[in-house]
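*Asks:* Turn this into a model:
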Amino acid sequence: MQEILLKNSEPERLQALHQLGILNTNTSEYFDAITRLAMEMFGVAGAYISLLDGDRQWLKSTVGFCPPNSERDQTFCHYTIQQPNVLVIEDTLLDARFANNPMVTGPQAVRFYAGAPLITAEGYAIGALCVIDTSPRSLNTAEKEKLARLASLVMSHITLGRAVGHVDAVSGIPNKYQLFADLTAQGRLYPGQDRVLADIAMPDPAKSFEIIRVLGAGVYDALVREVGARLMRLFEGRAQVYHLSDARFAILSRDEDTEGFIAYLHSLDAALEAPLNGLNIPISLASFGGIVAFDLCPNSANDAPRKAAAAINQAMVNQQRWSFYSNAEDEQQKRAFRLLNDVRQAIAGNQFELFYQPKHELNTGACKAAEALLRWNHAELGPVSPAEFIPLIEKTALIGPLTHWVIHTAIRQLGEWHAAGNMIKLAINLSAYNFEEPDIVERLAATCREFHVDPRYVEIECTEGMWMEGPDILKALHGIRDLGMTLALDDFGTGYSNFAYLQKVPATVVKVDQSLIRHVDANPRDQRIVRSLIGLARELDYQVVAEGVETEQSLGLIRAWGADVAQGYHFAKPMNATAFLAHAIAHRDRHVAIAA
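*Replies:* Next up, the predicted model:
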């Protein structure tokens with residue numbers, strides 16, 4: 001039988017065992033077939049497959065007469081894994097190691113044992129394939145060879161099972177499940193020791209999409225394999241590389257020198273930037289990395305990958321090569337996730353509310369219109385700023401149901417005001433996502449019919465941008481105008497500002513962004529910009545609304561330059577429906593009565 005060099009480091013042996021991820025799995029039909037074959041082949045009373053953990057024996061398959069799971073130091077296999085060859089005990093009563101063992105002296109009365117160690121490719125014995133009998137006997141050389149070969153089949157099956165679930169199919173590199181298993185094992189074996197986990201995206205998501213679109217999925221997979229091979233070379237002997245998903249890799253350091261490992265990561269910038277040449281087309285790929293230093297513990301398998309993912313996300317947001325995990329940024333991301341998770345419940349639980357910011361006509365001072373602004377009073381977190389939750393929601397499909405709630409609530413309120421004789425005009429903000437909904441025009445029309453509101457009293461605000469040039473978007477915009485509603489371009493002067501597309505968009509109102517208005521009374525540059533924007537908009541026959549007016553001086557300037565309507569804290573802060581109506585009545589036009 002071939003001699004195998006057995007490695008005897010117990011911590012490393014245990015880590016090898018735990019990395020296989022089979023201790024807590026059920027037995028398999030394959031294992032049962034092997035043990036049945038062994039019992040029949042050797043004509044014994046029983047056969048079993050055992051795995052030896054730190055302090056106990058786990059039986060993965062048993063057939064016939066077998067010992068129970070027990071403490072490791074009382075087992076035959078405890079001695080089997082200490083040698084590379086088959087261990088044979090012809091008569092247990094004559095072996096000093098077992099003469100007083102309960103399995104020998106007790107009811108089981110085991111008199112014969114033979115075990116072949118289960119040895120990994122790295123040389124660690126993790127358990128044994130065993131046969132036992134109630135009478136003394138022996139095995140010849142050929143029989144020992146047969147038992148060893150059966151043990152090799154067991155080990156091959158274990159290794160194959162690990163490879164199928166723990167190795168990435170594209171790169172052949174251990175995957176996220178193996179990372180979880182390794183962190184779990186190390187947290188158990190080396191609690192308190194320092195480690196570094198780094199996530200690397202190479203290429204980044206934007207570049208990945210571009211490569212697939214231009215060169216195809218096959219070329220992209222080849223590039224990912226080349227990236228994986230490069231990382232394996234760069235970290236050989238220093239760290240374990242894992243392929244998490246698509247073009248995302250993880251690097252787990254192997255020792256406690258966290259400062260040295262982090263310094264090594266930073267030294268790799270040039271190596272990571274070097275073009276890939278495997279496809280005979282030199283391709284340079286941008287990469288981003290997130291780094292977290294942590295102490296090994298029972299929760300490392302869950303906590304460290306999450307923190308590394310938070311760090312790399314921050315690196316991509318900030319467009320920087322490396323980003324260290326920040327607890328503050330992580331808490332912010334967790335809060336963002338919670339807010340998004342709570343949106344539907346907040347809609348159903350009436351946590352959202354509309355406030356109304358008065359809009360004043362500059363020629364009369366009258367308040368005949370308002371902008372509906374969304375507010376969220378979270379059930380547990382309290383008031384949440386729109387500047388925090390709206391950008392989050394706009395990036396998800398949640399903007400759909402939330403905007404539908406806003407449309408329904410705003411037009412219902414408008415209907416109540418109109419029914420009482422208060423002919424207020426109300427502006428409602430929609431996002432780019434809403435204009436892509438095929439039923440947005442009909443939804444607006446149906447809601448106006450439901451609450452008996454003339455669509456002429458509804459204004460739809462949208463932020464200018466390239467998204468407006470799509471044919472379906474333009475169709476929706478024209479459909480809204482055909483209803484009789486007005487369209488307003490929000491944040492005018494700070495966004496896309498391509499005047500060519502203005503000819504296609506049926507807007508009649510532009511809103512000069514508050515960032516330009518807020519300091520216009522003291523900033524000469526803002527004065528020049530705002531005066532030019534108002535002049536240009538009037539030349540193009542747009543009504544001009546200035547938002548963010550906070551001082552009498554600012555009001556005087558925009559009025560002199562020709563703005564038509566203004567809103568801002570100089571007039572009033574956003575207020576609830578009751579307070580707004582009172583404000584409108586207090587500032588009614590002398591020529592148009594507003595009913596109380």
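
*Asks:* in terms of contact, does R13 touch G123 like I think?
*Replies:* No: counting by Cβ atoms under 8 Å, R13 does not reach G123; the two are 9.3 Å apart. Any C-beta I mention is one placed from the backbone N, CA and C, and that applies to glycine too.

*Asks:* Look at the two and report which has more neighbours.
*Replies:* Using other Cβ atoms under 10 Å, the more surrounded residue of R13 and G123 is R13, with 21 against 16.

*Asks:* Pick out the residue nearest the middle of the chain.
*Replies:* A309 (7.5 Å; Cα atoms, centre = their mean).

*Asks:* for the residue nearest to that one when sequence neighbours are not counted, which residues make a bridge with it?
*Replies:* Leaving aside its chain neighbours, A309 sits nearest to D199 (6.0 Å; criterion: Cβ to Cβ, 6 or more residues apart in numbering). D199 has the following beta-bridge partners by DSSP bridges: A250, G290.

*Asks:* what's the neighbour count on D199?
*Replies:* Neighbourhood size, D199 [other Cβ under 10 Å]: 26.

*Asks:* tell me which helix or strand of this protein sits lowest on mean pLDDT?
*Replies:* helix 499-502 (a mean of 63; mean pLDDT, DSSP states H and E).

*Asks:* Sheet partners, orientation included, of the next helix or strand after that one?
*Replies:* Scanning forward in sequence from helix 499-502 by DSSP states H and E, the next helix or strand is strand 509-512. Partners of strand 509-512 in the sheet, by DSSP bridges, are strand 486-492 (parallel), strand 543-547 (parallel).

*Asks:* Could you tell me the angle between the next helix-or-strand element following the shortest one and strand 543-547?
*Replies:* For strand 543-547, the succeeding helix or strand toward the C-terminus, using DSSP H and E, is helix 552-561. Here the directions of helix 552-561 and strand 543-547 differ by 170 degrees (axes from the mean of the first three to the mean of the last three Cα atoms, to 10 degrees).

*Asks:* hmm, who's touching helix 552-561?
*Replies:* 362, 512, 517-518, 520-521, 527, 530-531, 534-535, 546, 549, 566, 570 (Cβ atoms under 8 Å, 6 or more residues apart in numbering).

*Asks:* Model confidence for G21, exactly?
*Replies:* Looking at G21, its pLDDT stands at 65.

*Asks:* Please apply the same query to E3.
*Replies:* 41.

*Asks:* which other helices and strands contact the one helix or strand the residue nearest to the centre of the chain maps to?
*Replies:* Assessed by DSSP H and E, A309 sits inside helix 300-318. Packed against helix 300-318, as judged by 3 or more Cβ pairs under 8 Å, 6 or more residues apart in numbering; DSSP states H and E, are the following elements: helix 176-189, strand 194-201, strand 248-253, strand 288-295, strand 322-324, helix 327-348.

*Asks:* Take it, keep the C-alpha atoms, and write them as CSV.
*Replies:* This file holds the C-alpha atoms of helix 300-318, laid out as CSV (Å, rounded to 0.1, in the frame of the first residue of the first chain):
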residue,chain,number,x,y,z
SER,A,300,-17.2,36.1,12.1
ALA,A,301,-18.7,34.1,9.2
ASN,A,302,-21.7,36.5,9.1
ASP,A,303,-20.2,39.7,10.3
ALA,A,304,-16.9,40.0,8.4
PRO,A,305,-18.3,39.5,4.9
ARG,A,306,-21.1,41.9,5.5
LYS,A,307,-18.7,44.6,6.7
ALA,A,308,-16.3,44.0,3.8
ALA,A,309,-19.3,44.3,1.4
ALA,A,310,-20.2,47.6,3.1
ALA,A,311,-16.6,48.9,2.7
ILE,A,312,-16.4,48.0,-1.0
ASN,A,313,-19.7,49.6,-1.7
GLN,A,314,-18.4,52.8,-0.2
ALA,A,315,-15.2,52.5,-2.3
MET,A,316,-17.4,52.3,-5.5
VAL,A,317,-19.6,55.2,-4.3
ASN,A,318,-16.5,57.4,-3.7
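
*Asks:* From S135, how far off is the residue of the chain positioned farthest from its centre?
*Replies:* In terms of distance from the mean C-alpha position of the chain, L94 ranks first, at 61.9 Å (Cα atoms, centre = their mean). L94 is 13 Å from S135, where distance means Cβ to Cβ, to the nearest Å.

*Asks:* what bits of the stretch 401-550 of the chain have low per-residue confidence?
*Replies:* Applying pLDDT under 70 to the stretch 401-550 of the chain flags residues 465-468, 493-502.

*Asks:* Can you classify V131 as helix, strand or coil?
*Replies:* Following DSSP: H, G, I helix; E, B strand; the rest coil, V131 is assigned to strand.

*Asks:* May I have the beta-bridge partners of it?
*Replies:* Taking DSSP bridges as the rule, V131 bridges to A47, A114.

*Asks:* can you pull out the strands in the stretch 351-500 of the chain?
*Replies:* All strands of the stretch 351-500 of the chain, identified by DSSP state E, counting those that start in this stretch, fall at 352-361, 367-378, 382-384, 425-429, 458-463, 486-492.

*Asks:* H404 versus A397, what's the distance?
*Replies:* Shown here: A397 relative to H404, a distance of 12 Å by Cβ to Cβ.

*Asks:* Which of these two has more residues huddled nearby?
*Replies:* A side-by-side neighbour count of A397 and H404, using other Cβ under 10 Å, places H404 first with 16 against 8.
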